[in-house]
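J.: Following is a predicted model, sequence given first.
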2 protein chains.
Amino acid sequence: MILGVEPMSTVKPRQVALTDALLRIVAEHGLDQVSVREVASAAGVSIGTVQHYFPTKDAMLAAAFTEVVRRIRVRVAAAEPGPDPRANLSAVLRELLPLDARRADEVRIQLAFAARAATAPALADIQRGVLTEVMCELAEAFSAAGGGGVAGGGGAGGGKPVEWSRSAARLALAATDGLALHAVSSGGWLSTSEQGAALEHLLDALLAGAE
Amino acid sequence: MILGVEPMSTVKPRQVALTDALLRIVAEHGLDQVSVREVASAAGVSIGTVQHYFPTKDAMLAAAFTEVVRRIRVRVAAAEPGPDPRANLSAVLRELLPLDARRADEVRIQLAFAARAATAPALADIQRGVLTEVMCELAEAFSAAGGGGVAGGGGAGGGKPVEWSRSAARLALAATDGLALHAVSSGGWLSTSEQGAALEHLLDALLAGAE
DNA sequence: GGCAGTCTAATACGAACGTATTGCCTCATA
DNA sequence: TATGAGGCAATACGTTCGTATTAGACTGCC
């Protein structure tokens, strides 16, 4: 725990290398190109090694999806702090858009797992978890940006700020993921600047209703 | 051409039965469960029949995606007419949400192809086409609802209504697809009433900025 | 009746898949 | 040093995949 040691419990380095290799394949060629052999080859190990760490392919996919969720959580949490609530919202949501190659990979991966979750209950559970978590985070940010105002106690003022924050967060998350979906699934139909402009337009519209 | 004959050129009835069978499999078990044998079995025909109408599996998938796009176009166009522009917008966007079993199937299918399009350029082209088309339709509806106002000439007044309509349409489509994505990929995390409320919240926020 | 063309089925082939089995190699511990 | 457990690789098995090949059944036309 002196320097950079993972506080996590039982994650072997070989295991994260395998997950990385898997996610690389997903980002580049899609989830249906993932096979035990491909993962082993991409990680430079044998099939037996993959089987040693993941007893079945489904377990391997679930572990990979969990890793994706962890990455999302890290990025969202890391983009939070700042004095301007509006800027915080923008920063968090920007992390979910494919604004550069790294984020485009992440979006492709996330989309692949989300699509599979539509017909795979085990993955749907994981997806529900990350949606809940990110939405709560966003709801706090919205509460700071428009629902709770600058300071002081609650009570009189707007209608129901808590409900509004949750609704705005749900909508903002959906719009951002929708923009990301459109961008990566249409091969350049939505430019990065158009994505950014749409996000700002969204925040304008959402925050205008709460001033 | 006397009664109910398709005006389309060369669409054999057996071919649409095959496409229907394929989309049924996609809606129920996902795109990666689609195989030539499964489609043939679901349609009650032999492998040879499938091969006769679709020389390769990729051609079969492309034809199925084209059929999906046609369905979306039909539904969006059918929901258009009405006196209230706001109601028209709501009706069109509601068609894209998984508000009942039929629409949930359609969303699952659309999502499956969109996810595959992220790493399949041939499908990305089709996806780009449908996005462009639906967005244009929505832009007109937004123009009628808030950009162009009630009547009369253009010129002075709001900023750039055409640009605003396109931006609002892009955002509304992204938010709706994002809501649909979250709903079907999380197994009930987003209820139908929450989807409807989010959509109304979205329209409120977008149209408020153009009055 | 013969015959070309389309439609349908049956079957075969090579490749890739997920998984099970087996056996080295390494290393901490007694 | 002996040993036993775990990390890692090699290989095999049975299945399923996409596609090719072949042949039979039905149609309209001469």
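T.: Cool, the structure landed.

J.: how would you label the residue nearest in space to the middle of chain A: helix, strand or coil?
T.: Computing the C-alpha centroid of chain A and ranking residues by CA atoms, centre = their mean puts A:I72 first, at 3.8 Å. Assigned with DSSP: H, G, I helix; E, B strand; the rest coil, A:I72 falls in the helix class.

J.: and it, what does it touch?
T.: By CB atoms under 8 Å, 6 or more residues apart in numbering or on different chains, A:I72 lies in contact with A:96, A:106, A:110, A:130, A:134. Quick note: C-beta positions are derived from backbone N, CA and C, even for glycine.

J.: Just give the number of residues close to the first one.
T.: Applying other CB atoms under 10 Å in any protein chain shown, we find 23 residues neighbouring A:L96.

J.: Now it: closest residue in space that isn't a chain neighbour?
T.: Nearest residue to A:L96, sequence neighbours excluded (CB to CB, 6 or more residues apart in numbering or on different chains): A:T176, at 4.9 Å.

J.: Show me what the helix or strand encompassing that neighbour is packed against.
T.: In the assignment (DSSP states H and E), A:T176 maps to helix A:161-185. Here helix A:161-185 touches helix A:85-94, helix A:101-117, helix A:121-142, helix A:192-208, helix B:101-117, helix B:121-142, helix B:161-185, helix B:192-208, going by 3 or more CB pairs under 8 Å, 6 or more residues apart in numbering or on different chains; DSSP states H and E.

J.: what comes into contact with the last one?
T.: Counting by CB under 8 Å, 6+ apart, the neighbours of helix B:192-208 from elsewhere in the structure are A:167-168, A:170-171, A:174-175, A:205-206, A:208-209, B:86, B:89-90, B:93-94, B:97-100, B:142, B:145-146, B:168, B:171-172, B:175-176, B:179-180, B:183, B:190.

J.: For it, the averaged confidence score.
T.: Helix B:192-208 carries an average pLDDT of 95.

J.: The first one now?
T.: Averaged across helix A:85-94, pLDDT comes to 94.

J.: From chain B, how far out is A:S143?
T.: 16 Å (CB to the nearest CB, to the nearest Å).

J.: give me the number of residues near the residue lying closest to that residue once chain neighbours are set aside?
T.: Nearest residue to A:S143 in three dimensions, chain neighbours excluded: A:S165, at 4.2 Å (CB to CB, 6+ apart). Counted with other CB under 10 Å, residues neighbouring A:S165 total 24.

J.: neighbours of A:M60, just the number please.
T.: A:M60 has 20 neighbours, counted by other CB under 10 Å.

J.: Quickly find the element holding it.
T.: Element membership of A:M60 [criterion: DSSP H and E] is helix A:57-78.

J.: and the angle from that helix to helix A:121-142?
T.: Here helix A:57-78 runs at an angle of 0 degrees relative to helix A:121-142 (axes from the mean of the first three to the mean of the last three CA atoms, to 10 degrees).

J.: close to DNA strand D, is helix A:57-78?
T.: No: on the criterion CB under 7 Å from any atom of the strand, helix A:57-78 is out of touch with DNA strand D, staying 12.0 Å away.

J.: Buried ones in that helix, by neighbour count?
T.: The neighbour-count check on helix A:57-78 (16 or more other CB atoms under 10 Å in any protein chain shown) flags A:60-65, A:67-69, A:72, A:76 as buried.

J.: CA-only coordinates of it, as CSV, when you get a sec.
T.: Extracted in CSV, the C-alpha atoms of helix A:57-78 (Å, rounded to 0.1, in the frame of the first residue of the first chain):
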residue,chain,number,x,y,z
LYS,A,57,-17.2,-17.9,-21.6
ASP,A,58,-20.2,-16.4,-19.9
ALA,A,59,-18.2,-15.8,-16.8
MET,A,60,-15.5,-14.1,-18.9
LEU,A,61,-18.1,-11.8,-20.5
ALA,A,62,-19.7,-11.0,-17.1
ALA,A,63,-16.2,-10.1,-15.7
ALA,A,64,-15.5,-8.0,-18.7
PHE,A,65,-18.8,-6.1,-18.3
THR,A,66,-18.1,-5.6,-14.6
GLU,A,67,-14.7,-4.1,-15.6
VAL,A,68,-16.5,-1.8,-18.1
VAL,A,69,-18.8,-0.6,-15.4
ARG,A,70,-15.8,0.0,-13.1
ARG,A,71,-14.2,2.2,-15.7
ILE,A,72,-17.3,4.2,-16.2
ARG,A,73,-17.6,4.7,-12.5
VAL,A,74,-14.0,5.9,-12.3
ARG,A,75,-14.3,8.3,-15.1
VAL,A,76,-17.6,9.8,-13.8
ALA,A,77,-16.2,10.2,-10.3
ALA,A,78,-13.0,11.7,-11.5
